[in-house]
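In: Give me a model of this one.
(chains A and B)
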Amino acid sequence: MANVIRRQTPAARLLRAVLYSVLIIAGLFYILPLVVMLMTSIKPLSEISAGTLLSLPQNPTLEPWTKAWGEACTGMRCEGVGGYFWNSFAIVIPAVLISTTVGALNGYALTKWRFKGSELVFALMLFGCFIPFQVVLLPMAQTLGWLGLSSSRAGLILVHVVFGIAFTTLFFRNFYVGIPNELVSAAKLDGAGFFRIFWRILLPVSAPIIVVSVIWQFTQIWNDFLFGVAFSAHNTQPVTVALNNLVNTSTGVREYNVDMAAAMMIAALPTLLVYVLAGKYFVRGLTAGSVKG
Amino acid sequence: MSESTTRTAVRPTASGWLQAWLPRLVLAPSIAVSLFFVYGFMLWTFVLSLTSSRMLPSYDFVGFGQYSRLMANERWWVASTNLMLFGTLFIVICLVIGVLLAMLLDQKIRQEGALRTIYLYPMALSFIVTGVVWKWLLNPQLGIQAMVQGWGFESFRFDWIVDSDMAIYTLVIAAVWQASGFVMALFLAGLRGVDDSIVKAAQLDGASLPRIYWRVVMPCLRPVVFSAVMILAHIAIKSFDLVVALTGGGPGYATDLPATFMYTHAFNRAQIGLGSASAMLMLGGVLAILIPYLYSELRSRKHG
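Out: From the prediction side, this is the model:
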């Protein structure tokens, strides 16, 4: 037996080395684009044409960043993407808060106050998670026009709330199904009403699912491009649309460092930050949002 | 349930009535929104697809004329074929990479958490950011090609992004980069859920490690594979931002997908009728994937 183990050791060690190398190479595949993006964003333009992707910055400069923030041209205007960054926040924050609140109440009503047809209602709403949004774009454009919300931030908030509710309802419904009914029944017997039970019994245990829902909605809406490009004007564009315009503006010299600074820090930073701070919940949202049917 | 009915029977007051109806009242706005903005809009788009609308929606009906125009449209066929090719490659490669990485990470690796974080972070990015980054990496003059040539491999070519036959594969590369880590996370969670005792029993029977994985572990992961395929297919059909940012549909329209085809025709080329028809076909595609999935979900739930 000891003999067998000794014979296995070098082979096992080799296998282990191979295993780690494969994992590290895979890691490089994922991390290098980010590293290249970061390095390119702090190189002066001359170094970009002289060097290669992986050459380290010789004279690191923050100029591309300030330029991306305040001066770079996005289409006809040259005001940087800073303003659009705040646009995104102005759209994301109300949309996330409203859709999460509505989703929580829906999930609660669907699980703790079941009525005839409540499962059907859930199935009906769930379908909204799956439709390709191209199928609602044209009617949405016309409806926003009727509501006087064309090209406005309020219009985009409405769109994101409307199509976010399906997901948030799904999150909260699946979470509340797992909360035992006994407490709720007892409270009902004591005469506690709908909102009181929600406030006193459900909400205090909802922290994890609220985090999941907020993170999911935040990344979805921050990263949205389709609705942003279809339903916004110059002054209401979210940052993803501005970034795409910046990269495709073809006046003068292509400033790759500015492109990368805008992409990296400005468009990607908020969601990356969320991911680093709350990665566990991010994964949970991704899986709950798409796996559970 | 029975408590509340007796209570309302005993005290048929206004507040009792309100309590009984409150859940429905709370749900009502969402139901209305869903009926109007999801189902109503689907119907509306379908109606538009039966009209000759161009710049503005008009309601003179031409039957299924827009659909036959679509079928005769070469660009639509390019877009559909591209979606098949892109979708298949994207799904298969993500699954293979995802399973492999999950199995390798499941071998009691040091720094597993750090590696997992690195594999998964692209999923937090916008497809626009992914497109911008990969456009830069794939740029023949300044990107990977230039770098490898600079190392002395003068004849190295990696200019797929400007080659209309190969550009579609650049979409696959970027999309796999973004989503494969997520598939890994799904599989890793699945692997952790596999009952250890089954694996131990197989080991005692003298089964080799690859055999255990293939015959014992993989069958347990079937639901994960299923969900992953669903999610990835869904991402593939919805892919719009990535195409816009990475290739802009080009060169020419070589990398058009149905999602970009619809947007271009409905919003830029004043072909609302044709765009609506293409949107309806996209919906059909999603339903074709979704219905068997939901069916099997419901069936498996009934059985256990």
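In: Number of residues surrounding residue 178?
Out: Here I'm looking at chain A. 8 (other CB atoms under 10 Å in any protein chain shown). For every residue, glycine as well, the C-beta is placed using N, CA and C.
In: um, chain B though
Out: Residue B:178, neighbours per other CB under 10 Å, totals 27.
In: check which helix or strand covers it.
Out: Here residue B:178 sits within helix B:167-192, counting by DSSP states H and E.
In: buried ones in that helix?
Out: B:167-188, B:190-191 (16 or more other CB atoms under 10 Å in any protein chain shown).
In: doesn't residue B:18 fall inside a helix?
Out: Yes - membership of residue B:18 in a helix is supported by DSSP: H, G, I helix; E, B strand; the rest coil.
In: gap between it and chain A?
Out: 9 Å (CB to the nearest CB, to the nearest Å).
In: I'd say residue A:184 and residue A:109 touch.
Out: No - using CB atoms under 8 Å, residue A:184 makes no contact with residue A:109, being 11.7 Å away.
In: Of the two, give the one with the bigger neighbour count.
Out: With neighbours defined as other CB under 10 Å, residue A:184 and residue A:109 compare such that residue A:109 has more, 27 against 20.
In: Ignoring the adjacent residues along the chain, who's closest to that one?
Out: residue B:23 (3.9 Å; CB to CB, 6 or more residues apart in numbering or on different chains).
In: Likewise for residue B:56?
Out: Residue B:56's closest residue in space is residue B:272 (CB to CB, 6+ apart), at 7.3 Å.
In: Residue B:275 now?
Out: residue B:266 (2.8 Å).
In: what about the one you found, which SS state?
Out: Relying on three-state DSSP, one would call residue B:266 helix.
In: got the contact list for it?
Out: Counting by CB atoms under 8 Å, 6 or more residues apart in numbering or on different chains, residue B:266 makes contact with A:137, A:138, B:272, B:274, B:275, B:276, B:279.
In: re earlier: return the per-residue confidence for the residue nearest to residue B:56.
Out: With respect to pLDDT, residue B:272 scores 88.
In: That one and residue B:44, how far apart?
Out: Relative to residue B:44, residue B:272 is positioned 12 Å away (CB to CB, to the nearest Å).
In: so what sits against both of the two?
Out: Counting by CB under 8 Å, 6+ apart, the residues touching both residue B:272 and residue B:44 are residue A:138.
In: Tell me which of those two has more neighbours.
Out: residue B:272 (25 against 20).
In: correct me, but the more buried one touches residue B:48?
Out: Yes - Residue B:272 is within contact range of residue B:48, at 6.1 Å (criterion: CB under 8 Å).
In: Does the helix holding residue B:178 reach chain A?
Out: Yes - under the criterion of CB under 8 Å from any CB of the partner chain, chain A is reached by helix B:167-192 at B:177, B:181, B:182, B:185, B:186, B:189.
In: Reformat those as JSON lines; add pLDDT.
Out: Formatted as JSON lines, the residues of helix B:167-192 next to chain A follow (pLDDT from 0 to 100):
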{"residue": "B:177", "pLDDT": "95"}
{"residue": "B:181", "pLDDT": "91"}
{"residue": "B:182", "pLDDT": "88"}
{"residue": "B:185", "pLDDT": "88"}
{"residue": "B:186", "pLDDT": "87"}
{"residue": "B:189", "pLDDT": "84"}
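In: And for residue A:284, the neighbour number?
Out: Quick note: residue A:284 (other CB under 10 Å) scores 19 neighbours.
In: all helices of chain A, in order?
Out: A:2-41, A:45-50, A:63-70, A:82-112, A:118-126, A:134-146, A:153-177, A:181-189, A:194-197, A:207-223, A:226-230, A:239-248, A:256-261, A:269-290 (DSSP state H).
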